[in-house]
Structures are given as C-alpha cells and as structure tokens.
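Asker: Using only what follows, build the 3D model:
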Amino acid sequence: MIVFLLAVVCLISGYAVYGRVVEKVFGADEKKVTPAVEKCDNVDFMVLPTWRIFLIQFLNIAGLGPVFGAILGALYGPIALFWIVLGSIFAGGVHDYMAGMISVRNGGKSLVPLVEKYMGSEIKTVFLIFMVLFLLLLGAVFAMSPAHMIADLFKVEFAWCLAAVFLYYFLATLLPIDKIIGKFYPFFALLLIGVTVALMVVLFTCGQEFYPQLTLANLHPQGLPVFPLMFVTIACGALSGFHATQSPLMARCLQNEKYGRSIFYGAMITEGIVALMWATLGMAFYGGSGGLAETINHSGPGGVVSEVSKGFLGNVGGMFAIIAVILLSITSGDTAFRSARLTIADYWLKDNQTLKKRILISIFVLSGGIAMSFFDLTVIWTYFGWANQSLATVTLWMATFYLEKHKKCYWLTLVPAGFITSVCVTYILYDKIGFRLPLSLSTAIGTVVAVLCVVSFIFKHYKTHKINSK
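Answerer: Residues are numbered from 1 along each chain as shown. As a prediction, this is how the structure comes out:
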C-alpha cells in the first residue's frame, strides 16, 4: 500500500514541479491568440471550456493502453511501476505537452506538417503514409476490441457489434467536435475514473496485499526481458506516440496557452495514475504474475478486466467497469479516425471545412479501418506497440528540433528521445516481429544508434551556433 501511495505522490509532484519546468522552458504566453480563437470554424476549431478539454484529452489519449497495457506490464512485477511513474513525468508528459503546444503555436496543425517544418521536407511523404496507416491500424484495434467485449457482454454477434462501432465512428469523425465529443466524452472520462477509483477503494478496504511479490526482479512468467519489451508494452500509461495525434485535436479548442500544462501534461499524469491502479489491481487480485498470466493466456487482458471488476464490485458494479473500458476504447478509436481525417486534410487540402470534403475523407479513412479489421487482432496489436513508440520517438525528436531552433533547453526532450530511440531499435532487432537477433547484440546496436543520434544532434547544434555567432 505504501509503495502505491508513494508512486501516486510522485506523479502528482511531477505535475506540480516538473510540469512547471516544462511550461517555463516552452514559454507559454497567455497573451498570444490561440488557433481556437483565430481560426474558429465551429467544426474542428472552436473554444471549449478548459475542464471539458482536459477530460476529452484524457479520454482520447487513454484508449485501452492504461488498462490493457498496464495489465500486461504487471506480468513483469512491481518494476513496472517505475516505468509508469518516471515515464509519465519525464517522457510522456513532456511528449504530450510539446505535441499540443507546438501545434498551438503553428495554427493547430497536425503532426505531419510539424515534422516537415522542424525536421525537413525529405521525410514528409514517408511519415504521412506511416501516420495514416498507424491511425487506421489504431482505429481498427479500437473497433475490434470493444466490439468483442460488447458481443461477450450482451451475447450478440460480433459482426453486428463491429458494424455498429464503425457506424458510430463515421458520425463522430464527421460531425463538429462539440456535437458528440465535446458533449459526452467528459462524462465518459469521469465514469472511467470513478470505476477505477472504486476498484482501488475496495482493494484498500479488503485487506488484500497490493504487491505479493514486492521485488525489483523480473517476474515475467515467460522470462521475457524488461528491456526493451516492458517499455513497449506499457505505452499509454507512460509514453505513447498516439498521444501526439490527439493533442493537436485539443490544441484547436484551447482558449489560452496558460491552460496547456493542465490539459496536455496533466492528462498524461492522470493517465499514469490510472495505469498505476490497473497494474496494481492485476498484481493484487491474482497474487502475483503466475495467476495473472494464466488469465491473460486464457481470455486476454479483457478477461482480467472482467474478473477483477466483478470480483471486487460484484456483477452490477463489474458491468459498469466493463462498460467504462468499452467506452474508453471506442472514444479513442473515433478520435484516431478524426485525426487521420485532419492529417490528410492538412497535407492535401487548404481546408476541410466543407461538408463534402469531410464526408469524402471520412469515408476513405473508415474504409481503411474496416479493411484492417479483417486481420487478426493479436497480430495487429503486436505491430501497433512498436509503431506507437516509434511515433513517440519521432515526436520527441521533432520537439527537440523545435526547442533548439527557438534557443531553448532542448535537453528536456533530447534525453527521452535518445532513450526511446534505443528502445525502438532494440525492440525491432530482437522481437519476433523484427529480425530476432540475440538480446545482447540488439541492445548494443540500439544503444549505439541512440548515442550516435544524440551526439549527431549536439554536434549539429554547436556547429550551427558557432556559424551564427561569427
């Protein structure tokens, strides 16, 4: 219990202290006119109340990550808590804040034009294709997962559930942001937070041990290595590239830059707390990694959610918890498709304000998501993990180039960018979806690549600084 409370205190302190450092380095200016005011179109650009934006941002970035990812990460034991806490404060919060605020400073642009502007036009087409495929992949995951859960919960055909989810996605992707997302999502976010807190209250009061195997040793039943696998498995609860596709959505609704820290950095810290709770629930309910692994192998992370929820809250309370998780995934799926629509519009069109353009792009992105839903969910999720952290890597490097260009302390993003670069390179070299090299060799290559990237950036910075000072 004490370990859990200390972790929560660290996360909240990280928001209060390090969040202010990040805000100061970026230079938030409450006098600047934001895109929500300057470019208001009452579709994607409009001012929304700050508390609504915060809850929408939290719900959008969360997805299944802080639940499923944290449950899978719990297989490694309490060491997972370190990545959730440190990752949320020094990587995820920084990543989300920079993605959102750099978008605010650039007229609410999505990630592709930002990468082009600060990292060069040579990679824009490749990155656009990667981004769209990633978002369609994500949308398919967040369509299939809730469809399966709805089918299991209400005993109906999966195909009908999937069709209903995609029909909803089309409407949410197309309509102005205040019609569905701005109106209902804040309350869905409160439902998720409420049921998660309720589960933790039961854990506090039932006298069950929080961490039956309290050790920093790797407890994964299959002996899978902590590095790099855990850092890819626990993504949304610590650092996730998907968040960089969502922050620009809310950047278009932000009334004042001074609210950026609470919305972008604060939502990430809140997600970290949720991930911390679900990782703890997974370890406590099953008494360690062994029992947790058995349930995951039999019915997946969704089965864990169902068993934990019903075990702690009963059938009725458990159903509310399961519904909250379903809503969590659905609300990230539709914003993934919405982000894909805006990304394509930012690249090819001067605007996408006309209804006809929005309908055509929405049909295109939804068709891609439907096509991907015919693939095996397990396979899609495996590739999503690496692609997700690769996107986080690009975003952090983009933010580093932004800070360097504006003569600000780029170490804030350079350090996490270098670390996650080593994770992604090592992962693709080692894992079964990649080259399946020995772990030691993969780690060595990943470390060398990361160091070379960091050194190359620093050398370029000092070379440019020297030339400009002459």
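Asker: so what's residue 255 closest to, chain neighbours aside?
Answerer: residue 47 (4.7 Å; CB to CB, 6 or more residues apart in numbering). (C-beta placed from N, C-alpha, C; glycine too.)
Asker: same question, residue 285
Answerer: Among residues not flanking residue 285 along the chain, residue 308 sits closest, at 4.9 Å (CB to CB, 6+ apart).
Asker: Residue 127 versus the one you found, what's the distance?
Answerer: To residue 127, residue 308 is 39 Å away according to CB to CB, to the nearest Å.
Asker: cool, residue 436 as well?
Answerer: 27 Å.
Asker: Assess the claim that residue 91 and residue 421 are in contact.
Answerer: No - using CB atoms under 8 Å, residue 91 is not in contact with residue 421, being 11.8 Å away.
Asker: ok, residue 436 and residue 127, which is more surrounded?
Answerer: For the pair residue 436 and residue 127, the greater number of neighbours falls to residue 127 (19 against 10), based on other CB atoms under 10 Å.
Asker: Look up the closest residue to that one, ignoring the ones flanking it.
Answerer: residue 115 (5.4 Å).
Asker: helix or strand for that neighbour, which one?
Answerer: Per DSSP states H and E: residue 115 is located in helix 111-119.
Asker: name the helices or strands packed onto that helix?
Answerer: helix 93-105, helix 124-154, helix 242-251, helix 289-348, helix 377-405 (3 or more CB pairs under 8 Å, 6 or more residues apart in numbering; DSSP states H and E).
Asker: Mean pLDDT for the ones you listed - can I get that in TSV?
Answerer: TSV is the format used below for the helices and strands packed on helix 111-119 (pLDDT from 0 to 100):
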stretch	mean pLDDT
helix 93-105	98
helix 124-154	86
helix 242-251	94
helix 289-348	86
helix 377-405	88
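Asker: And the ones you listed: which comes nearest residue 181?
Answerer: Among the helices and strands packed on helix 111-119, helix 289-348 comes nearest to residue 181, with 7.1 Å by CB to CB.
Asker: after that closest one, next one along is what?
Answerer: Moving toward the C-terminus from helix 289-348, the next helix or strand (DSSP H and E) is helix 355-372.
Asker: For that following helix, which outside residues touch it?
Answerer: 43, 132, 135-137, 139-140, 143, 166, 169-170, 173-174, 337, 340-341, 344-345, 349, 351-352, 380 (CB atoms under 8 Å, 6 or more residues apart in numbering).
Asker: Now with 7 Å, please.
Answerer: 136-137, 139-140, 143, 166, 169-170, 173-174, 337, 340-341, 344-345, 349, 352, 380 (CB atoms under 7 Å, 6 or more residues apart in numbering).
Asker: And these, which of them are buried?
Answerer: 136-137, 139-140, 143, 166, 169-170, 173-174, 337, 340-341, 344-345, 352, 380 (16 or more other CB atoms under 10 Å).
Asker: Roughly how far does residue 322 sit from residue 229?
Answerer: The gap separating residue 322 from residue 229 is 27 Å, by CB to CB.
Asker: what's the answer for residue 221, then?
Answerer: Applying CB to CB, the value for residue 221 to residue 229 is 13 Å.
Asker: more crowded one of those two?
Answerer: Between residue 221 and residue 229, counting by other CB under 10 Å, residue 229 is the more crowded of the two (22 against 16).
Asker: How is residue 235 assigned, secondary-structure-wise?
Answerer: For residue 235, the secondary structure call by DSSP: H, G, I helix; E, B strand; the rest coil comes out as coil.
Asker: got it, and residue 60?
Answerer: Under three-state DSSP, residue 60 falls in the helix class.
Asker: change the start of the numbering to 269 and stick with it
Answerer: Yes, from this point I'll number from 269; that puts the last item at residue 328.
Asker: Now that we're looking at it, what pLDDT does it have?
Answerer: Per-residue confidence (pLDDT) for residue 328: 88.
Asker: Give me the buried positions along stretch 468-486.
Answerer: Buried residues in stretch 468-486 (16+ other CB under 10 Å): 468, 470, 471, 478, 479, 486.
Asker: for stretch 544-555, same thing?
Answerer: 544, 545, 546, 547, 548, 549, 550, 551, 552, 553, 554.
Asker: ditto for stretch 424-440
Answerer: 429, 430, 433, 434, 437, 438, 440.
Asker: From what I see, residue 361 and residue 537 are in contact.
Answerer: Yes - look at residue 361 against residue 537 with CB atoms under 7 Å: they come within range, at 5.9 Å.
Asker: So for these two, which residue has more residues nearby?
Answerer: Remark: of residue 361 and residue 537, residue 361 carries more neighbours, 30 against 24, as counted by other CB under 10 Å.
Asker: show me the contacts for that one.
Answerer: Shown in contact with residue 361 (CB under 7 Å, 6+ apart): 282, 287, 290, 533, 536, 537.
Asker: Compare those and tell me which is most surrounded.
Answerer: residue 536 (34 neighbours).
Asker: So what's the residue count around residue 628?
Answerer: When counting by other CB under 10 Å, one arrives at 13 neighbours for residue 628.
Asker: what does residue 583 give?
Answerer: If you count neighbours by other CB under 10 Å, residue 583 ends up with 8.
Asker: And residue 724, by the same measure?
Answerer: 10.
Asker: which SSE is residue 541 in?
Answerer: Using DSSP H and E, residue 541 sits in helix 534-554.
Asker: helices and strands around that helix, which ones?
Answerer: helix 270-294, helix 318-330, helix 338-341, helix 347-355, helix 361-373, helix 449-474, helix 557-616 (3 or more CB pairs under 7 Å, 6 or more residues apart in numbering; DSSP states H and E).
Asker: Output it as PDB, nothing but the C-alphas.
Answerer: The C-alpha trace of helix 534-554 is given here as PDB (Å, rounded to 0.1, in the frame of the first residue of the first chain):
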ATOM      1  CA  GLY A 534      -2.000  17.000 -16.600                       C
ATOM      2  CA  ALA A 535      -4.000  14.500 -18.700                       C
ATOM      3  CA  MET A 536      -0.800  12.400 -19.100                       C
ATOM      4  CA  ILE A 537      -0.200  12.300 -15.400                       C
ATOM      5  CA  THR A 538      -3.800  11.400 -14.800                       C
ATOM      6  CA  GLU A 539      -3.400   8.500 -17.300                       C
ATOM      7  CA  GLY A 540      -0.300   7.400 -15.400                       C
ATOM      8  CA  ILE A 541      -2.300   7.200 -12.200                       C
ATOM      9  CA  VAL A 542      -4.900   5.100 -13.900                       C
ATOM     10  CA  ALA A 543      -2.200   2.800 -15.300                       C
ATOM     11  CA  LEU A 544      -0.700   2.600 -11.900                       C
ATOM     12  CA  MET A 545      -4.100   1.500 -10.500                       C
ATOM     13  CA  TRP A 546      -4.700  -1.200 -13.100                       C
ATOM     14  CA  ALA A 547      -1.100  -2.600 -12.800                       C
ATOM     15  CA  THR A 548      -1.600  -2.800  -9.000                       C
ATOM     16  CA  LEU A 549      -5.100  -4.400  -9.400                       C
ATOM     17  CA  GLY A 550      -3.600  -7.000 -11.700                       C
ATOM     18  CA  MET A 551      -0.900  -7.900  -9.300                       C
ATOM     19  CA  ALA A 552      -3.000  -7.800  -6.100                       C
ATOM     20  CA  PHE A 553      -6.100  -9.700  -7.400                       C
ATOM     21  CA  TYR A 554      -4.100 -12.700  -8.700                       C
END
